[in-house]
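Peer 1: give the three-dimensional model of this entry:
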Amino acid sequence: MNEALGWHVAWALGVTLGGGLIALTGLTSAAIGALLLALVPPVFAQGLLKYDGPRTRNALLALWSICVAGACALAGGLGGPLTSWCLAPIAVAAVLGRAKMLARGAAFSLAAAAGVILLQMAGLVGPPIGGLMGLCLGGLAIVTTGLGLGASLILARKPAPEDDVTIDAGPLQGVLDAQPHLIIEIDSEGRASAHYGPAPQGVVRSRLASGVRMAARPEDRDAVDAAINRARVQGAASVSFIPTSRLDRYLTLDIHAVGTEYLVGTLRDSTASRDREELLENARADAVSLAAGKSRFLASMSHELRTPLNAIMGFSDIMRQKMFGELPGKYVEYADLIHESGSHLLDLINDVLDMSKIEADRYELALEPLDVREPVQAALRIVRMQADEAGVKLRAALPAQPIDADADRRAVKQIVLNLVSNAIKFTPVDGSVTVAMEAKDKDIILIVADTGVGISEEDLKRVGRPYEQAGDPGRRSQGTGLGLSLVRAFAELHGGEMTIESRLGAGTAVTVRLPVVHMGEKPSAPSRANVVPFAPQR
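Peer 2: Numbering: from 1, shown residues only. Next up is the predicted model:
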């Protein structure tokens with residue numbers, strides 16, 4: 001369009017220069033000025049144009065036809081000196097669209113001539129301008145028209161810019177028609193000017209000529225228009241919709257910009273992929289619902305599961321302690337086994353119920369002011385017997401001063417129990433497990449390190465998730481795989497985190513950070529003198 005603007009400016013300068021020379025003869029009149037000004041609107045219209053498309057070019061050619069017809073009518077019609085200006089639309093068409101628009105320009109030139117004839121028949125044509133003025137105007141018309149046609153023909157022979165080149169399908173027509181999707185050429189008005197390939201079910205080709213939006217049901221048409229406009233600005237866009245005549249299908253239109261005038265769209269049936277997505281989404285929703293239902297069920301069964309188990313343990317304990325008299329030796333042994341098995345089962349049930357409550361968002365922390373060393377020491381007293389039976393040295397490095405915090409006493413105790421029990425389980429005889437704790441700013445840092453078998457890189461990716469276990473099958477059978485996941489969950493409920501560092505054959509260190517310390521006097525850090533074998537208080 002820059003070349004077309006330059007051509008219009010050159011034409012305007014030629015007419016202005018010619019009009020100036022005529023003015024020097026002193027033969028000018030109001031009619032002469034009016035007919036010379038008749039060519040001003042096309043020049044200004046070209047300068048104001050911001051969008052180049054078929055409708056814009058046709059409108060510009062129509063404006064030229066009207067203006068030259070008016071000028072010819074003012075100069076005396078087809079018998080007047082400005083008849084050659086009726087050829088101006090041909091020159092304009094050559095500039096705007098190269099050789100491919102010459103036929104259109106010729107049609108507009110004929111329309112201009114026909115318009116002059118109609119004005120003559122209606123008696124609206126002025127008297128012919130003769131004499132010296134007619135001679136001057138005729139020369140001006142011939143010179144400007146000749147130069148304009150010559151310049152336009154030169155421009156028409158120049159190679160078109162790469163983005164304006166149109167390729168004749170020729171032998172490729174069969175290939176285009178054989179591909180599986182419908183390819184649409186979309187013009188500036190959103191209509192399909194050409195299409196190749198099979199139409200998806202629910203699409204009528206003939207309706208696309210009225211607009212690609214007509215392929216979609218009414219409620220989806222605005223979305224199709226928005227995608228076309230977005231592709232003009234951004235270069236590409238995609239939209240999915242339901243076709244008008246097949247509400248059970250689902251189509252996707254992928255649009256790409258080609259040059260400045262046209263868009264190319266690929267219309268395909270995406271019903272199968274959408275059905276797969278819906279099936280996957282439904283399956284995911286069902287899985288989430290089942291998991292949530294399981295968690296809610298187990299969380300609500302806390303009382304029903306724990307009450308009879310506590311009764312079994314209580315009665316077996318009465319039998320062990322011989323509160324109602326002596327029992328035969330074999331019965332005492334059975335009572336011990338019942339109590340031991342019940343305690344183990346209660347621990348497993350507690351872990352499962354706690355995790356279920358957490359997953360169901362029904363676990364609430366019972367925060368209270370406390371010295372965090374107390375639940376840690378209580379947990380160490382409980383696992384002391386387990387460490388002695390396994391032949392593992394249990395060490396503790398705790399601060400000498402109290403650590404005041406707001407925390408859930410049971411959760412902190414459970415964190416230590418799970419971590420130390422895990423460490424003992426994976427530490428061989430004569431190994432050691434060390435529990436260290438310190439306060440740093442607002443955080444409690446709890447570290448449980450062992451000299452055990454360690455965790456492989458593959459297992460390290462899984463541990464910490466519910467029901468995931470590491471190690472050999474013999475060790476995995478000793479628990480539910482909920483220990484580390486509960487530690488992580490309790491830490492996160494307090495606003496903290498759990499991290500694991502381990503190397504196969506070199507032991508494991510689990511660090512738990514809990515941001516629960518009261519801001520005040522900072523507790524003293526543990527010294528080397530505090531690191532001693534842990535012994536329960538008596």
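Peer 1: tally of neighbours for residue 275?
Peer 2: 11 (other CB atoms under 10 Å). Backbone N, C-alpha and C define where each C-beta goes, glycine included.
Peer 1: now do the strands in the chain.
Peer 2: 182-186, 192-196, 236-241, 251-258, 262-269, 367-371, 393-397, 404-408, 432-440, 443-450, 497-502, 508-514, 532-533 (DSSP state E).
Peer 1: now the longest one: average pLDDT?
Peer 2: It stands for strand 432-440. Mean pLDDT, computed over strand 432-440, is 93.
Peer 1: kindly report the same for the last one.
Peer 2: Within the predicted structure, the mean pLDDT of strand 532-533 is 39.
Peer 1: what's the answer for the fifth one, then?
Peer 2: Strand 262-269 shows a mean pLDDT of 85.
Peer 1: contacting residues around it?
Peer 2: Strand 262-269 has contacts (CB atoms under 8 Å, 6 or more residues apart in numbering) with 180-188, 193, 199-201, 203, 212, 215, 228, 231-232, 249-258.
Peer 1: how's this structure carved up into domains?
Peer 2: 2-160, 170-269, 278-359, 367-533 (automatic domain parsing).
Peer 1: distance between the longest one and the chain's centre?
Peer 2: When you say that, I think you mean domain 367-533. Centroid displacement of domain 367-533 relative to its chain, using CA atoms, centre = their mean, to the nearest Å, is 41 Å.
Peer 1: thinking again about what came up before, give me the buried subset of the contacts of strand 262-269.
Peer 2: 181-188, 199-200, 203, 212, 215, 228, 231-232, 249-255, 257 (16 or more other CB atoms under 10 Å).
Peer 1: how about the helices in the stretch 301-450 of the chain?
Peer 2: 302-321, 329-359, 373-390, 409-425 (DSSP state H, counting those that start in this stretch).
Peer 1: of the ones you listed, which stretch is the most buried?
Peer 2: Most buried of these by mean neighbour count (mean count of other CB atoms under 10 Å) is helix 409-425; its value is a mean of 23.
Peer 1: which strands or helices does it pack on?
Peer 2: Contacts defined by 3 or more CB pairs under 8 Å, 6 or more residues apart in numbering; DSSP states H and E place helix 409-425 against helix 373-390, strand 432-440, strand 443-450, helix 483-493, strand 508-514.
Peer 1: any weak-confidence spans in the stretch 51-200 of the chain?
Peer 2: Residue ranges of the stretch 51-200 of the chain with pLDDT under 70: 51-53, 97-100, 153, 155-178.
Peer 1: and the helices in it?
Peer 2: Going by DSSP H, counting those that start in this stretch, the stretch 51-200 of the chain shows helices at 54-74, 88-97, 102-121, 131-157, 173-178.
Peer 1: using a markdown table, please lay out those helices together with mean neighbour count and distance to residue 285.
Peer 2: Output for the helices of the stretch 51-200 of the chain, formatted as a markdown table (neighbours: other CB atoms under 10 Å; distance: least, CB to CB, whole Å):
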| stretch | mean neighbour count | distance to residue 285 |
| --- | --- | --- |
| helix 54-74 | 21 | 49 |
| helix 88-97 | 26 | 56 |
| helix 102-121 | 18 | 59 |
| helix 131-157 | 17 | 64 |
| helix 173-178 | 11 | 41 |
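Peer 1: my read: residue 429 touches residue 388, true?
Peer 2: No. In this structure residue 429 lies outside contact range of residue 388 using CB atoms under 8 Å: 11.4 Å.
Peer 1: distance from the centroid: which residue in the protein tops it?
Peer 2: residue 131 (75.7 Å; CA atoms, centre = their mean).
Peer 1: can you get me a residue count around residue 293?
Peer 2: 11.
Peer 1: do residue 204 as well
Peer 2: Residue 204: 12 surrounding residues under other CB under 10 Å.
Peer 1: ok, and the closest non-adjacent residue to it?
Peer 2: If you skip the residues right next to it in sequence, residue 204 has residue 245 as its closest partner in space, 7.2 Å away by CB to CB, 6 or more residues apart in numbering.
Peer 1: can you report how many residues neighbour the one you found?
Peer 2: Neighbours of residue 245 (other CB under 10 Å): 12.
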